[in-house]
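Here's a sequence, model it:
(one chain, ligands or ions: 2)
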Amino acid sequence: MNAALPPSLALVGAGKMGGAMLEGWLSIGLPPHAVSVFDAHPSDAIQALCAARGLALNPQQIAPPAVLVLATKPQTLEAVAPLVEGIVSPDTVLVSILAGKTIADLLRRVPTVRAVVRAMPNLPASIGAGATGAFANEAVTEEGRARAHALLAANGIVEWLPSEDLIDAVTALSGSGPSYVFHLVECLAEAGAQAGLPPDLALRLARATVTGAGRLLEASDLGADVLRQNVTSPGGTTAAALEVLMGEGGMAPLMTEAVAAAKRRAEALSG
Ligand SMILES: NC(=O)C1=CN([C@@H]2O[C@H](COP(=O)(O)OP(=O)(O)OC[C@H]3O[C@@H](n4cnc5c(N)ncnc54)[C@H](OP(=O)(O)O)[C@@H]3O)[C@@H](O)[C@H]2O)C=CC1
Ligand SMILES: O=C(O)[C@@H]1CCC=N1
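Ligands and ions are numbered 1, 2, ... in the order given. Here you go, the predicted structure:
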């Protein structure tokens with residue numbers, strides 16, 4: 001087991017994201033007896049995982065954990081705060097993945113805690129291919145930061161941010177970003193069907209194209225711009241498509257607008 005991993009951990013909210021992170025922690029050797037899971041309505045998969053691996057699910061009482069990861073919806077912070085406040089001690093590091101909720105918002109609801117890490121993971125965490133942005137307040141010790149890092153790194157890359165206010169932009173880019181890519185698959189498949197392909201064939205090709213391009217990007221030392229140029233024969237078909245995608249009203253201004261909308265929504269979720 002990674003020596004930096006916390007000796008005890010509570011996960012509050014084991015939904016899509018919390019559940020994905022939990023699987024990552026177990027896969028890198030966090031001992032199941034060190035983990036307590038709290039969820040209002042645990043899914044069948046979480047109940048089965050807890051039973052199979054011997055994790056405490058919704059225990060009545062636990063000793064304050066070294067780290068508590070809060071992974072409920074931002075809108076439930078008010079409702080879940082008394083549970084969290086009842087579990088933590090002043091030495092617990094609170095790692096929150098709630099979009100929009102600031103460190104000040106969290107400290108107001110959970111006054112016992114001092115050390116807070118705001119982290120923004122993304123869904124590919126479920127296969128260890130996530131991207132997380134994180135910010136630690138000044139009360140987080142070197143040890144606390146190392147523990148948070150070890151947990152977050154179980155799910156993919158971790159980028160520590162120099163200031164908390166960057167996290168809303170991270171949320172808009174990489175937190176929400178996987179959904180933009182999945183929508184690209186939907187759009188590509190629809191466009192292929194419009195171009196005459198049977199819809200199921202178009203979907204298979206679109207999915208394999210996006211997956212393959214992602215894997216090439218990961219495997220290659222080349223930048224995305226060079227890889228794009230490598231597909232683009234002068235005067236060929238790709239150039240014709242890119243004239244549309246890179247033209248006025250193309251993908252760049254659309255993506256800028258989408259990310260700005262997500263960032264505004266993150267800001268609106270604070271409080
Ligand atoms: N999904 C994603 O890709 C990402 C999500 N996030 C953040 O992760 C957080 C969770 O999102 P997501 O996993 O999608 O949401 P989910 O709804 O899938 O997960 C939240 C879980 O918390 C449970 N819950 C609700 N209230 C309580 C409570 N009082 N005590 C204990 N458990 C409770 C929910 O139960 P029930 O369903 O019964 O309400 C649910 O199982 C959000 O704050 C979001 O901003 C961050 C990055 C990416
Ligand atoms: O959509 C949301 O609000 C959350 C935060 C980032 C991804 N999902």
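
Look up how far Ser89 lies from Met251.
The gap separating Met251 from Ser89 is 49 Å, by C-beta to C-beta, to the nearest Å. (Each C-beta comes from the backbone N, C-alpha and C, glycine too.)

Counting neighbours, what do you get for the nearest residue to Gly130 once chain neighbours are set aside?
The spatial neighbour of Gly130 that comes closest, neighbours along the chain excluded (C-beta to C-beta, 6 or more residues apart in numbering), is Gly156 at 3.3 Å. Using other C-beta atoms under 10 Å, the number of residues around Gly156 comes to 19.

Now name the helix or strand holding the residue lying closest to Leu173 once chain neighbours are set aside.
Spatial nearest neighbour of Leu173, chain neighbours left out: Val259 (5.9 Å); criterion: C-beta to C-beta, 6+ apart. If you go by DSSP states H and E, Val259 is part of helix 251-268.

got the buried residues for that helix?
258-259, 262-263, 266 (16 or more other C-beta atoms under 10 Å).

Quick one: the residues you listed as JSON lines, columns for distance to ligand 1 too.
Formatted as JSON lines, the buried residues of helix 251-268 follow (distance: C-beta to the nearest ligand atom, whole Å):
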{"residue": "Ala258", "distance to ligand 1": "16"}
{"residue": "Val259", "distance to ligand 1": "15"}
{"residue": "Ala262", "distance to ligand 1": "11"}
{"residue": "Lys263", "distance to ligand 1": "13"}
{"residue": "Ala266", "distance to ligand 1": "9"}
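
residue of this structure with the smallest distance to ligand 2?
Gly175 (3.4 Å; C-beta to the nearest ligand atom).

Contacts only, for Val37.
By C-beta atoms under 8 Å, 6 or more residues apart in numbering, the contact list for Val37 reads 10-11, 14, 22, 46, 50, 55-58.

Pull out whichever of those are also neighbours of ligand 1.
Restricting the contacts of Val37 to those within reach of ligand 1 (C-beta under 6 Å from any ligand atom) leaves Ala14.
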